[in-house]
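> Sequence plus the predicted model coming up.
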Amino acid sequence: MTLRIPALITAILERDLRLALRHGADTLGAVLFFILAGALFPLALGPSPELLRRMAPGIVWVCALLAALLPLDRLFGSELEDGSLDQLLMTGLPPSLIALAKMMAHWLTTGLPLLLAAGPLAIMLGMPTTSMVVLLTGLLLGTLILSLIGGMAASVVLGARRGGVLLPLLVLPLTTPALIFGAAALDAAQTGLSWGPDLELLGAFLAAALPLCPLAAGAGLRAAVE
Amino acid sequence: MSHSHPLPIARRISVIPAFTPPGRPLLEVENISVFRGERLVLDRVGFTLEAGDALLLTGPNGAGKSTLLRVLAGLHKPEGGHVLWSGVDALADRSQHAGRVAYLGHQDALKLGLTLRENLTLAARASGGNPDLCMESLNISGLADLPARMLSAGQKRRAALARVLLAQAPLWLLDEPSLGLDINTMGLLGTLFAAHRQAGGIVIATTHVPLPLPDARTHALPGLNESDIPQPLEDFPEDDLL
């Protein structure tokens, strides 16, 4: 069995990526939301380059956070509805690893596209290219954290009535540290201060979420099929 | 019966466990009790099955047939009772128990956007079985590269049954396996059941119609008593929770 664990995780990833490609419109939805929401700010705040440059880190981070929420309620919801969750559990893979595989799939189909779209959005908002490295490094860690915490919350609300309403209320408070450190690192980079410690704290947050979130999510999955 | 191909596959699936203590049945179910909310759905259900046995679970709607299957599959934790597999507590390690079980739920659990073959990949990876052989024995090889959304209800059921075969597990737990199947496939199912039992496997199925399982035992679940029926709906507030 232990030998089969990597093969099964890859199989779940392959399956989810294949599904994401087949349902391309759903997959692109989060990225399009990210770009559109980011594009609304210049319209609402006025086209002052100075103001936008000042606000760009916060805008990019908040929009990424909200965009990553969109596909979360389908992450396990669709598996529960069509009975696939039962079959996933019947593969013999421990539930926490099933959850981890699904979180990885969420990152590959949502986090990675957001990361790719963040650069152009930041340039559009007039962010200096010198802080681009800090933005992308921060977002790389941040989107991973989002997938972990989001996946955990999605499995906890699984099967609850109006889980879709509950989900953002659960995820957003838990991800505020990531938002604070990520935006602070960018701010520091723009004002010429040291941005290392903020990114390190972000990394520490990821290191804590990596083992804990799949464990909690696994318990959530077991409870959901009861 | 005109179908002859399923047998060779079943031959290959040796399902008798490595050791079974002498004098112990393969599967022992003792005093399983399950509550749903306030209601006792299963009340001390018990039976024992030897290798090669088949059991039909019957009873009215809501009698807890599907719940019992989910308990036996390790998907639902019972409030009381034990499931012993060759003398060992099966529900102690549910991930390990999953390897002994092929579970066919009420739903077919197919992803509509994936082809039939892609739908079976995960189960094939888990058991090391050959999906092509299993599709062949349910006469759906020709549909292997069609997306599942293009299949009829009966064809989807056959795909789900192919996954049962693919699991290469000794214990088959089937929730209404005949749902939507045509008469030919019912014959096919009979052949598959016979081959599985001959190889030492156990079949437990819920059903409302006769299944091709000769000399299967029947376990009737009593269902609801009048006094157990839940209170009228006004006792369940609809909108006070998120």
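Received it, and whenever you're ready, just let me know what you need.

> Could I get the contacting residues of residue 61?
Since you didn't name a chain, this refers to chain A. When contacts are counted by CB atoms under 8 Å, 6 or more residues apart in numbering or on different chains, residue A:61 touches A:138, A:139, A:142, A:179, A:182, A:183, A:186. Where you see a C-beta, it was placed from the backbone N, CA and C, and this is true even at glycine.

> let's do chain B instead
By CB under 8 Å, 6+ apart, the contact set of residue B:61 is residue B:223.

> a strand runs through it, doesn't it?
No - in this structure, residue B:61 is coil, not part of a strand, as judged by DSSP: H, G, I helix; E, B strand; the rest coil.

> for it, phi and psi?
The main-chain torsion angles of residue B:61 are listed as degrees, to the nearest 10 and equal phi -60, psi 140.

> go on, residue B:179?
Per-residue torsions, residue B:179: phi -60, psi 110 (degrees, to the nearest 10).

> Let's see the pLDDT reported for it.
Residue B:179 is assigned a predicted lDDT (pLDDT) of 89.

> Excluding covalently adjacent residues, which one is nearest to it?
What sits nearest to residue B:179 in space, not counting adjacent residues and going by CB to CB, 6 or more residues apart in numbering or on different chains, is residue B:157, at 5.7 Å.

> for the host helix or strand of the one you found, packing partners?
Of the helices and strands defined by DSSP states H and E, residue B:157 is found in helix B:153-166. Contacts defined by 3 or more CB pairs under 8 Å, 6 or more residues apart in numbering or on different chains; DSSP states H and E place helix B:153-166 against strand B:101-104, helix B:116-127, helix B:131-137, helix B:183-198.

> where in the chain is pLDDT low?
I'll assume chain A. Screening chain A residue by residue with the criterion pLDDT under 70, one finds the ranges A:1-3.

> not quite, I wanted chain B
In chain B (pLDDT under 70), the answer is B:1-23, B:224-242.

> Contact residues of it facing chain A?
Within chain B, the residues that sit near chain A (CB under 8 Å from any CB of the partner chain) are B:70, B:73-77, B:94-96, B:98-99, B:101-103, B:105-111, B:113-114, B:118, B:121-123, B:125-126, B:128, B:163, B:167, B:241-242.

> Which of the residues you listed are buried? Put it as a PyMOL command.
When burial is assessed using 16 or more other CB atoms under 10 Å in any protein chain shown, the buried subset of the residues of chain B next to chain A is captured in PyMOL by this command:
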select buried, chain B and resi 70+73+74+75+76+94+95+98+99+101+102+103+105+107+108+109+110+111+113+114+118+121+122+123+125+126+163+167
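
> picking that back up, now, which of the contacts of residue A:61 lie within helices?
The members of the contacts of residue A:61 that map onto helices under DSSP state H are A:138, A:139, A:142, A:179, A:182, A:183, A:186.

> mind putting these in a markdown table, distance to chain B included?
Shown next, in a markdown table, are these (distance: CB to the nearest CB, whole Å):
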| residue | distance to chain B |
| --- | --- |
| A:138 | 32 |
| A:139 | 29 |
| A:142 | 27 |
| A:179 | 24 |
| A:182 | 29 |
| A:183 | 29 |
| A:186 | 34 |
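
> what's the spacing between the closest residue to residue A:199 other than its chain neighbours and residue B:158?
Of all residues not flanking residue A:199 in the chain, residue A:185 sits nearest, at 5.1 Å (CB to CB, 6+ apart). In this structure, residue A:185 lies at 55 Å from residue B:158, with CB to CB, to the nearest Å as the measure.

> higher neighbour count, these two?
Using other CB atoms under 10 Å in any protein chain shown as the criterion, residue A:185 and residue B:158 rank with residue A:185 on top: 29 against 25.

> Point me to the residue of chain B nearest chain A.
The minimum distance from chain B to chain A, using CB to the nearest CB, falls at residue B:107 (3.3 Å).
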